[in-house]
Every structure is written in structure tokens, then in C-alpha cells.
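*Asks:* Turn this into a model:
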Amino acid sequence: MLMSSLATSSARTNNNPSIEVLSTFIGGFVIGIVGAAVTARKITKHEPSAAVECESDSVAISLPDWAHSRSFFERKYESDEDMMSLAVELSAKNVEKGTGGPFGCAIFERDMETQETKLFSIGVNRVVPLGNCTLHGETVACQFAQKKLGSFSLQPKGGKQYEMFTSCEPCCMCLGATLWSGVSRLVCAATKDDASSIGFDEGPVTESSYEHLRKAGIDVKKEVLRNEAAAVLEHYGKIGKIYNGTSD
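*Replies:* This is a model prediction of the structure:
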């Protein structure tokens, strides 16, 4: 119908070239608008929006029920061994209860004047139970600590500093998270070799990785209660699932 109207308009203006040109221009303009509208309608009709494609706009991170015990926070922690014993205990309990991988982490708050420490947050590996490859012990502990503090950084503030105690040297992902977390100390138990010996791929972590942390102002201490933590890994290697980015 539109093309018929344009043809009629053109016929009526054969004796006036200026009007004919103007009519042709207007006709082409209208056809362009109609074509664009039809195309837009097709796109809107057939291409789902991001909101439709995304089933959920939130991700849940949770600790297992047994980890909510207040007794962890009521204990007195004085030495590095005291604090690491909790990280190792968390890793062992996580294996025993079947609530995740053999890795535990605890973040402590230290009063920089009195040097007294208290437990601030805990984390255990929750990769398999929650279907999330990023939920290693260190990253879980960091997220709960930062939520509690109300800040994305655990850098020293108000006379307090935060120290991470982990049952095993961090994988490449967690080493990066440690750098960005703002903690002042990183204390490890089992080694990368201990984790690799049961099949875990810890990624490109070398001594230079730790040098980078030290240059950033993070104190690093290794192999505190290594034997105890390595025993948990060895036990898990016999009964648990080794996951390295692979499915069932």
C-alpha cells in the first residue's frame, strides 16, 4: 500500500521535477523508518534480554552448620601455633563432616599496641558443596571478615591489623586474593608439595610469588604445624574428591 501511494504521488508530479524529487526523498525516508521499526521489533521479540537469561542475580556463600560454633571465638589464642591449630582443626572437621575439601583458614585481629589477638573470621573449602570454584578456605574467610568489618580491605586501621592462618599454602587464586585482601601476615601450614602429592593442581605459585607479597608489606611465615596439616591432606587423598576444574 505504501509503495502504491508513492507511485501515485510520483505520477501526479511528472510536470514538476522539484516536487517529484522531494516526494521521492520523503518516500525513501519513510521506508527507512518503517524498515528500522520492523527490524527493532524482530530483535525485541526474538532476542532475550540479560535479565531473562540470568536465572539468579545473587550468589550464596555459607559455612557448614558445625562451623557456627561460638567455641571457636571464645578460645584464647596467644601463639602462631595456637592460631594455626584452629586452621588445621577446621580442615580436618570439614573432611570428617563431608562439607568440603581439606582446607581451613582463620583470620585473626591483632591489637597492634597490646599484641593481643582474637579470632575474627573463619573459612573452609566449600567448592563442591556449593558448586563454586572460588570458594577456597582463604577466600571464604576473607569475605566473611570483610563483611564483618564493613570494608573491602583488611589493611591496618584503628590500631588493628589482620592476619591469615591457612592450613595449606595458597593456590595461585588464593595467593592473589591474599595480596588484594589487605592482611598484614600470611601464615601457612602444609606446603604446595603436600597438596600436589594427593593430586591438587595449585597453579603457578613460586617463591617469587611470596616475594611479591613481602614487597607489598605482607609478612609470610611457612610450615607452622606442617605435619598435622599434611596428615589431613593425606587422609583426604584416600577418601575425598580431587577437583581441578573438572566435573564429576
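
*Asks:* And the spatially closest residue to residue 113 that is not a sequence neighbour, how far from residue 114?
*Replies:* Residue nearest to residue 113 in three dimensions, not counting chain neighbours: residue 159, with 5.8 Å by C-beta to C-beta, 6 or more residues apart in numbering. Where you see a C-beta, it was placed from the backbone N, CA and C, and this is true even at glycine. Applying C-beta to C-beta, to the nearest Å, the value for residue 159 to residue 114 is 9 Å.

*Asks:* now do residue 211
*Replies:* From residue 211 to residue 114 the distance is 31 Å (C-beta to C-beta).

*Asks:* With neighbour numbers in mind, choose between those two.
*Replies:* Set residue 211 next to residue 114 and count neighbours by other C-beta atoms under 10 Å: residue 211 wins out with 11 against 8.

*Asks:* So the more buried one belongs to a helix, correct?
*Replies:* Yes: under DSSP: H, G, I helix; E, B strand; the rest coil, residue 211 falls within a helix.

*Asks:* Report the contact partners of residue 210.
*Replies:* residue 220 (C-beta atoms under 8 Å, 6 or more residues apart in numbering).

*Asks:* pLDDT value on it, please?
*Replies:* The score at residue 210 is 97. That number is its pLDDT.

*Asks:* Now do the phi/psi pair for residue 164.
*Replies:* Main-chain dihedrals, residue 164, degrees, to the nearest 10: phi -100, psi 130.

*Asks:* Quick check, it in contact with residue 105.
*Replies:* Yes: in this structure residue 164 lies within contact range of residue 105 using C-beta atoms under 8 Å: 6.5 Å.

*Asks:* who touches both of those two?
*Replies:* Counting by C-beta under 8 Å, 6+ apart, the residues touching both residue 164 and residue 105 are 138, 141.

*Asks:* where does this protein dip in pLDDT?
*Replies:* 1-55, 245-248 (pLDDT under 70).

*Asks:* could you redo the last one with a cut-off of 90?
*Replies:* 1-58, 60, 241-248 (pLDDT under 90).

*Asks:* Helix, strand or coil: sort out the residue nearest the centre of the chain for me.
*Replies:* The chain has residue 134 as the residue nearest its centroid, 4.8 Å off, counting by C-alpha atoms, centre = their mean. Using three-state DSSP, the structure places residue 134 in coil.

*Asks:* how close does it get to residue 142?
*Replies:* For residue 134, the distance to residue 142 - C-beta to C-beta - is 11 Å.

*Asks:* just residue 78 next, same as before
*Replies:* Counting by C-beta to C-beta, the gap from residue 78 to residue 142 is 24 Å.

*Asks:* Same question for residue 56.
*Replies:* 23 Å.
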